[in-house]
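> build the 3D model from these lines:
(2 chains)
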There are 2 protein chains.
Amino acid sequence: MDPTAHPTPPATLSGDDASVLPPPGVPVSAVGEFGLIRRLSRSLSQSPAVTVGPGDDAAEVEVSGARVLVATDVLVEGRHFRRDWSTAADIGHRAAAQSLSDLNAMGGVATAVTVGLATPAEVDARWVLELAGGIAEECALVGASVVGGDLTRSDAVVVSVTAVGSAGGAVLLRSGARSGQVVAVRGRLGWAAAGLAVLGRGFRSPRAVVEAYRRPEVPYAAGAEALVLGATAAVDVSDGLLADLGHVAEASGVAVDLDADAFVAAEPVAAVGAALGLDPLALMLTGGDDHALVATFPADAELPAAWTVVGTVAASGEDGPGVTVGGRPWEGERGYQHF
Amino acid sequence: MDPTAHPTPPATLSGDDASVLPPPGVPVSAVGEFGLIRRLSRSLSQSPAVTVGPGDDAAEVEVSGARVLVATDVLVEGRHFRRDWSTAADIGHRAAAQSLSDLNAMGGVATAVTVGLATPAEVDARWVLELAGGIAEECALVGASVVGGDLTRSDAVVVSVTAVGSAGGAVLLRSGARSGQVVAVRGRLGWAAAGLAVLGRGFRSPRAVVEAYRRPEVPYAAGAEALVLGATAAVDVSDGLLADLGHVAEASGVAVDLDADAFVAAEPVAAVGAALGLDPLALMLTGGDDHALVATFPADAELPAAWTVVGTVAASGEDGPGVTVGGRPWEGERGYQHF
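Prediction:
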């Protein structure tokens, strides 16, 4: 499968009543990743040791008296990466970044990761060792170690990375955004999407965006910084700003409106837009994989220059919680669909 | 692929020098799971927060001042399970049991698990929810919760379960076995292998062994109990007693000799052996997936009846560390090969 293809949004079940089992014969693709996760989150009971359960960027669990964050992400060959577009080390960096970024979005930091790797038997052993090296290098950026995992055979490469780490004094949830607050972003938007668009058309430049796709530059300090700055909610941009901010809007029961003028495309993203006939704003609003951090803050928060205020939070109106751009629904794809 | 097939043991690289990269072009299958893991373990540097790194049943990491155990295991459709042989709930039980058992083998207990699930889009959504239900039910046996994960699309089902939990006062490593000690087992041996043999021949009975294959009965209290009883090393039997005890022998630098007469096949295992012309002793020594706990104890340890002494530990001789049966190398397959 072609990772450049954004499939059409899947049909959802009517009523979307996540409290009941779907009727037999309804495929995963019709319920969708988030429909299934909603159902799973409601069906799974949690012990008192679980202080943050399913549905946020990471879970928080009390283990031996300490608050431990844990998050798992999976990359699938052909779906999330291609071995001819990225080196093994690149894929390792991306796989680790996904999970490390989840802990960042909670305001925490990873201590260790484990790796579940399924791979065809004919894959070069060096490829596996270089993949592990890439994971370890990305982990080293936050001081985390690769402490174990499992290795088994499959028809396509599947990499599952679990990050375990410590929360700061508090955790940043998706549910804390309130009317009157502002939305701010730290990190890149649209870079990886521009890189993917370039690769999908058979090009290898501009190099900056291709590199950004291969190895995201994650603002790993941003979560802890956001906590200090008084953030009330956060999410990392893995599927696209509109999609991920949509989770915050839904979890918080608020309406988020983004200011299109606040999004200034970086030069290489603008260049890709011009060369390929893509709207740079669309790349920034719907492109995933850069793992920028988006957070909500009280309106009077004093944010350093690394943060860009891009929108405001209001009470949800007639249409319920959601994200608009300039007061209107975004026309087009909102972000990456996993099914 | 047929999960009943035990492929021939893979060739290993000459000299097996795990400190260097294999030459280009050597496939994963030629290095083998354990050859790769040895190389990975040596190549990955560990921060001071890591108190037990790669190479044991679980890793131990200090997070926010607490000692946290973490282990990941992966099940692949066609390799480790078939959707026509097991229900989704069965597969969930097995997937969770693998990782929970790893923490048991360290003398600890899981608090939470995360699940990385890759599945074809056409799989019934109910199947996924029932899989998650099976994982949650198995976790409930030790009081653990399913706290999160990731769900994505792939061509075959891949389930990766990570267990996070607390260590007891100490951890049970593979490296603590010493000459003069005894080897004892708690839990089933050969049941799941007998069930797999039955299923592989198109039968569905004896029901007891088929059920044992589908949902292992893991002695989850055995790790903590072994610690109290003075155990010096432990491993859970996931690939087969000879294979897993081989890791203990290697990590401890000892020779383990098993007493064939100590292995009394349970009635349904003996029945399968008789019906299918299989040696019940071979099923018990090389069958995996029951997740019995095998541990070494001082010779004078007083073990409750649930434990069966099956062998002794001696200094490793000319042939180096290893496991023998009645003083001789075991002829035949030693356990499950992942490549």
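> just to be sure, residue A:51 is in a strand?
Yes. Counting by DSSP: H, G, I helix; E, B strand; the rest coil, residue A:51 is part of a strand.
> contacting residues for it?
A:60-62, A:67, A:171 (CB atoms under 8 Å, 6 or more residues apart in numbering or on different chains). To be clear about C-beta, it is placed using only N, CA and C from the backbone, and glycine gets the same treatment.
> ok, now with 7 Å
A:60-62, A:67 (CB atoms under 7 Å, 6 or more residues apart in numbering or on different chains).
> between those residues, which sits nearest chain B?
residue A:61 (4.4 Å; CB to the nearest CB).
> end-to-end on stretch A:280-299?
One end of stretch A:280-299 sits 27 Å from the other (CA to CA, to the nearest Å).
> could you pick out the residues of the stretch 101-250 of chain A near chain B for me?
When proximity is defined by CB under 7 Å from any CB of the partner chain, the stretch 101-250 of chain A lies next to chain B at A:111-112, A:114-116, A:118-119, A:121-126, A:128-129, A:132-133, A:136, A:143, A:145-156, A:158, A:160, A:162, A:164-166.
> restricted to helices, list these.
Of these, the ones assigned to helices by DSSP state H are A:125-126, A:128-129, A:132-133, A:136.
> residue A:304 belongs to a strand?
No. Remark: residue A:304 does not belong to a strand; assigned using three-state DSSP, it is coil.
> quick one: it and residue A:106, what's the gap?
20 Å (CB to CB, to the nearest Å).
> which one's more surrounded, these two?
Taking other CB atoms under 10 Å in any protein chain shown, residue A:304 and residue A:106 do not tie; residue A:106 has more neighbours (29 against 8).
> so who does that one touch?
So residue A:106 contacts A:56-58, A:69, A:167, A:171-172, A:223 (CB under 7 Å, 6+ apart).
> got these as JSON lines, with distance to residue B:51 and pLDDT columns?
Converted to JSON lines, these look like this (distance: CB to CB, whole Å; pLDDT from 0 to 100):
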{"residue": "A:56", "distance to residue B:51": "28", "pLDDT": "94"}
{"residue": "A:57", "distance to residue B:51": "27", "pLDDT": "96"}
{"residue": "A:58", "distance to residue B:51": "22", "pLDDT": "97"}
{"residue": "A:69", "distance to residue B:51": "19", "pLDDT": "98"}
{"residue": "A:167", "distance to residue B:51": "20", "pLDDT": "90"}
{"residue": "A:171", "distance to residue B:51": "25", "pLDDT": "96"}
{"residue": "A:172", "distance to residue B:51": "28", "pLDDT": "97"}
{"residue": "A:223", "distance to residue B:51": "26", "pLDDT": "97"}
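> emit the ChimeraX select command for whichever of those are buried.
In ChimeraX syntax, the buried subset of these is picked out as below (16 or more other CB atoms under 10 Å in any protein chain shown):
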select /A:56,57,58,69,167,171,172,223
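> inside strands: which ones of the contacts of residue A:106?
Using DSSP state E, the subset of those located in strands is residue A:69.
> closest to residue B:248 among the contacts of residue A:106?
residue A:69 (32.5 Å; CB to CB).
> wait, the closest one touches residue A:109, no?
No. With contacts defined as CB atoms under 7 Å, residue A:69 does not count as touching residue A:109, sitting 8.5 Å away.
> and for these two, which residues touch both?
Common neighbours of residue A:69 and residue A:109 (CB under 7 Å, 6+ apart) are A:103, A:165-166.
> find the nearest non-adjacent residue to the most centrally placed residue in chain A, please.
Per CA atoms, centre = their mean, the C-alpha nearest to the average position across chain A is that of residue A:238, at 2.2 Å. Once flanking residues are discounted, residue A:238 sits nearest to residue A:288: 5.2 Å by CB to CB, 6 or more residues apart in numbering or on different chains.
> and the gap between that neighbour and residue B:37?
Residue A:288 is 32 Å from residue B:37, by CB to CB.
> before we move on, what about residue A:22?
Residue A:22 is 40 Å from residue B:37, where distance means CB to CB.
> list the buried residues for stretch A:130-145?
Residues of stretch A:130-145 classed as buried: A:130-136, A:138-139, A:142, A:144-145 (neighbour count, 16+ other CB under 10 Å).
> the lengthiest helix in chain A - contacts with which helices or strands?
Secondary structure of chain A per DSSP H: the longest helix is helix A:88-105. Helix A:88-105 sits against strand A:66-76, strand A:109-119, helix A:125-140, strand A:158-166, helix A:222-228, strand A:233-236, with contacts defined as 3 or more CB pairs under 7 Å, 6 or more residues apart in numbering or on different chains; DSSP states H and E.
> dump those to CSV, plus distance to residue A:273.
Below are these laid out as CSV (distance: least, CB to CB, whole Å):
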stretch, distance to residue A:273
strand A:66-76, 26
strand A:109-119, 34
helix A:125-140, 28
strand A:158-166, 31
helix A:222-228, 25
strand A:233-236, 23
